[in-house]
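Participant: 3D, please:
(one chain, ligands or ions: 1)
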Amino acid sequence: MTSKLAFNQGDPQFIPLTSYRAYPQEEMEQRALQFYQDMARRKTIREFSSEPVPRSVIEQCLLTAGTAPSGANHQPWHFAVVSDPALKRQIRIEAEIEEREFYERRAPQEWKDALAPLGTDSSKPFLEDAPHLIVIFGQKNTVMDDGAVVKNYYVPESVSIATGFLIAALHHAGLATLTHTPSPMGFLNQLAGRPDNEKPYILLVVGYPAQHCMVPNIRKKPLNEIATFL
Ligand code: IYR
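Facilitator: Below is the predicted model:
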């Protein structure tokens with residue numbers, strides 16, 4: 001249920017922008033470089049330790065995700081945090097059923113070739129090993145406290161932006177993630193007890209890397225391959 005408080009409707013109301021901070025050019029450059037260097041250290045991992053992660057850190061990072069911009073500020077997302085071992089096991093079982101189907105039948109050879117450098121397969125032990133799985137749902141519409149149903153806009157874009165904020169926040173806090181997309185993932189509605197107006201987009205695996213965790217030796221594109229200045 002969404003309260004009217006966090007979901008403004010009606011006439012615009014404006015308040016002064018007091019939170020913005022400007023920096024002198026040199027400091028801007030320094031900050032931009034430092035943030036890049038910190039984010040460039042982030043690696044998607046697939047080998048997780050079972051060491052527990054405090055829920056307080058997850059909660060704080062979810063609040064950061066919730067600061068993301070969204071269509072009409074409807075904040076059309078829900079984060080289901082799964083930490084219960086029995087439920088994680090159930091998610092692993094159902095995900096592996098889909099993944100076996102994907103790797104053994106559904107995936108075209110071209111797709112399998114594209115995944116080859118990552119070394120992925122249908123076995124997903126991290127779904128049980130990692131302390132938390134955050135199932136990220138997008139909401140087609142929002143159900144208000146009074147039962148009214150309001151349509152949401154740009155849901156995939158909004159959810160993706162919030163997910164990016166969440167991945168960055170978790171990394172910043174010293175945690176590692178895997179952006180996992182079992183396909184199809186409708187089974188997650190039932191397991192996480194989420195309603196039909198919500199669609200699971202991403203299953204974010206969160207925890208610490210396993211000791212001696214290995215990652216694929218892959219690189220990010222240089223600036224001239226990802227940007228043009230017109
Ligand atoms: N969902 C499968 C396959 C997969 C697809 C893509 I695109 C990836 O970047 C990685 C994996 C799996 O999780 O193995």
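Participant: Kindly report the residues of this structure close to the ligand.
Facilitator: Applying CB under 6 Å from any ligand atom, we find that the chain lies next to the ligand at 99, 102, 115, 118, 120, 180-183. (Each C-beta comes from the backbone N, C-alpha and C, glycine too.)
Participant: which ones among those are found in helices?
Facilitator: Residues of the residues of the chain next to the ligand located in helices (DSSP state H): 99, 115.
Participant: By pLDDT, give me the weakest of the residues of the chain next to the ligand.
Facilitator: Within the set of the residues of the chain next to the ligand, pLDDT is lowest for S183 (83).
Participant: what's that residue in contact with, if anything?
Facilitator: Applying CB atoms under 8 Å, 6 or more residues apart in numbering to S183 gives the contacts 98, 102.
Participant: measure the residue of the chain found nearest the ligand to Q90 for me?
Facilitator: The minimum distance from the chain to the ligand, using CB to the nearest ligand atom, falls at T120 (4.0 Å). Applying CB to CB, to the nearest Å, the value for T120 to Q90 is 21 Å.
Participant: all helices of this protein, in order?
Facilitator: Using DSSP H, the helices found in the chain span residues 25-40, 55-65, 85-101, 109-115, 126-129, 155-172, 187-192, 223-226.
Participant: now those in CSV, with mean neighbour count?
Facilitator: Below are these laid out as CSV (neighbours: other CB atoms under 10 Å):
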stretch, mean neighbour count
helix 25-40, 10
helix 55-65, 16
helix 85-101, 16
helix 109-115, 10
helix 126-129, 19
helix 155-172, 20
helix 187-192, 18
helix 223-226, 8
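Participant: closest to Y201 out of the ones you listed?
Facilitator: Nearest to Y201 among those is helix 155-172 (5.1 Å), distances taken as CB to CB.
Participant: Pass me the low-pLDDT residue ranges in the protein, would you?
Facilitator: Within the chain, the stretches with pLDDT under 70 are 1, 4-6.
Participant: Give me the most central residue, it.
Facilitator: Nearest to the mean C-alpha position of the chain, by CA atoms, centre = their mean, lies T163 at 3.6 Å.
Participant: my read: it touches T181, true?
Facilitator: No: T163 is beyond contact range of T181, at 11.1 Å (criterion: CB atoms under 8 Å).
Participant: which residues are in contact with both of the two?
Facilitator: Listed as contacting both T163 and T181 by CB under 8 Å, 6+ apart are I202.
Participant: Tell me, how many residues neighbour the nearest residue to Q9 once chain neighbours are set aside?
Facilitator: Distances taken as CB to CB, 6 or more residues apart in numbering put V150 closest to Q9, at 8.0 Å, once the chain neighbours are dropped. Neighbour count of V150, defined by other CB atoms under 10 Å: 15.
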